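>>> Have a look at this fold, sequence not included:
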């Protein structure tokens, strides 16, 4: 029997987290504040890294890419969720759903790989400082960035095309904040068990391989730091690494819950909370975690702001 794809003309309805909340207005205000914080903090960090030549080194080039990914990731989801709530209209077209899925998977996958490359960068800087500019040259750094974007895009394209080819005739209502694979597969009226296994395998591969690189890098870093003769050098290394590990914990914890845990352990409410965490909360907190305890970033921010003040108020 040919079910056909009944959603091609009508699209889907994103139920999201605001609709089922007990205080939707308050939650909408909180999400708006977090989104503005994400835009401001990531945009400011990108501006500082771009304008201050002292930050034109591999560590901050990778950090700039992380800010760009966070900025784009939250912008793929949050504005639509807020506008839908204010207009009381939660529909999304079939093409719009596919595009949102592709962009979310691309940006999430790219950040996943980039965090592993950032851990390797810290490993080289702390464990092999004399060879740092050789092992982490500008060319190598840009190759890491390109690898993150290209592999994530190819993975996202394959998953998006395969997920959207299923006939969706069960319901138009997606009990989720955005178009993602697990909630969409629940609407399919075809057997998705084999594909769900593929999603699980690629999820484990995309998450656990980079995570193993991060764990190995920081294990070696810890051994090196413990043998450092200088307390100041030890403290600086620990501060830098703790910021990265905090971001890693937030990102991989949420992603593992969404794509590695069996579907039997999922519920729409839990999935919505997790999706808010990694699409809205994490992008808002990441730049603050990296910059507030980083003297180089804060110093660069003061220099950039000082130049701006001199240009706008030359007699100041």
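In hand now; what should we look at? If you're wondering where the values come from, they're calculated on a predicted model, not measured in any experiment.
>>> measure residue 14 to residue 174 for me?
From residue 14 over to residue 174 the distance is 5 Å, taken as CB to CB, to the nearest Å. For the C-beta atoms, the positions are set from N, CA and C on the backbone; glycine is no exception.
>>> Between these two, tell me which one has more neighbours.
When residue 14 and residue 174 are compared for neighbours, residue 14 comes out ahead with 26 against 23, by other CB atoms under 10 Å.
>>> do you know how far the nearest residue to the more buried one once chain neighbours are set aside is from residue 19?
Nearest non-adjacent residue to residue 14, counting by CB to CB, 6 or more residues apart in numbering: residue 90, 4.9 Å away. For residue 90, the distance to residue 19 equals 7 Å [CB to CB].
>>> now the strands for the stretch 101-250 of the chain?
Secondary structure of the stretch 101-250 of the chain (DSSP state E, counting those that start in this stretch): strands located at 173-174.
>>> so where's the chain shaky on pLDDT?
Residue ranges of the chain with pLDDT under 70: 1-10, 20, 170, 233, 262-266, 292-293, 307-316.
>>> hmm, back to that, need phi/psi at the residue nearest to residue 14.
Backbone torsions for residue 90, taken as degrees, to the nearest 10, come to phi -110, psi 20.
>>> Equivalent analysis for the one 3 residues further on, please.
With angles defined as degrees, to the nearest 10, residue 93 shows backbone torsions of phi -70, psi 160.
>>> what does residue 57 give?
The phi/psi pair for residue 57 (degrees, to the nearest 10) reads phi -130, psi 160.
>>> Next: residue 13.
Main-chain dihedrals, residue 13, degrees, to the nearest 10: phi -120, psi 120.
>>> Quick check, it in contact with residue 89.
No. If you go by CB atoms under 8 Å, residue 13 and residue 89 don't touch, sitting 9.2 Å apart.
>>> who has more neighbours, the two?
Between residue 13 and residue 89, counted using other CB under 10 Å, the more crowded position is residue 13 (17 against 10).
>>> Who does that one form a beta bridge with?
Beta bridges link residue 13 to residue 91, residue 173 when assigned by DSSP bridges.
>>> OK, contacts around it?
Residue 13 makes contact with 90, 91, 92, 172, 173, 174, according to CB atoms under 8 Å, 6 or more residues apart in numbering.
>>> buried subset of these?
By neighbour count, with 16 or more other CB atoms under 10 Å, the contacts of residue 13 hold 90, 92, 172, 174 as buried.
>>> would you list those in CSV and tack on distance to residue 195?
Putting the buried ones among the contacts of residue 13 into CSV (distance: CB to CB, whole Å) gives the following:
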residue, distance to residue 195
90, 26
92, 22
172, 20
174, 17
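>>> Which single one of those is nearest to residue 70?
Proximity of the buried ones among the contacts of residue 13 to residue 70 (CB to CB) peaks at residue 92, which lies at 22.4 Å.
>>> How about residues contacting stretch 31-47?
Residues contacting stretch 31-47 (CB under 8 Å, 6+ apart): 18, 63-64, 67-68, 70-71, 74-75, 78-79, 81-82, 276, 280-281, 283-284, 286-288, 290-291, 297, 301, 304.
>>> Could you do stretch 284-292 as well?
By CB under 8 Å, 6+ apart, stretch 284-292 touches 34-35, 37-38, 41-42, 44-45, 63, 66-67, 70, 74, 243-244, 246-247, 250, 297-298, 301.
>>> quick one: which of the residues you listed sit in helices?
If you go by DSSP state H, those have 34-35, 37-38, 41-42, 44-45, 63, 66-67, 70, 74, 243-244, 246-247, 250, 297-298, 301 in helices.
>>> Any chance of a PyMOL selection covering the buried ones in these?
Buried residues among the ones in helices among the contacts of stretch 284-292 (16+ other CB under 10 Å), as a PyMOL selection:
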select buried, resi 34+35+37+38+41+42+44+45+63+66+67+70+74+243+244+247+250+297+301
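>>> tell me the phi and psi of residue 88?
Per degrees, to the nearest 10, the backbone of residue 88 is at phi 60, psi 40.
>>> Distance of it relative to residue 29?
Noted for residue 88: a distance of 17 Å to residue 29, by CB to CB.
>>> Just want the most central residue of the chain.
residue 108 (4.6 Å; CA atoms, centre = their mean).
>>> picking up where we left off before, which two of the contacts of residue 13 have the greatest separation?
92 and 173 (11.3 Å).
>>> Can you check which residues contact both of the two?
12, 13.
>>> if we can go back for a sec, ok, residue 88 and residue 29, which is more surrounded?
residue 29 (11 against 7).
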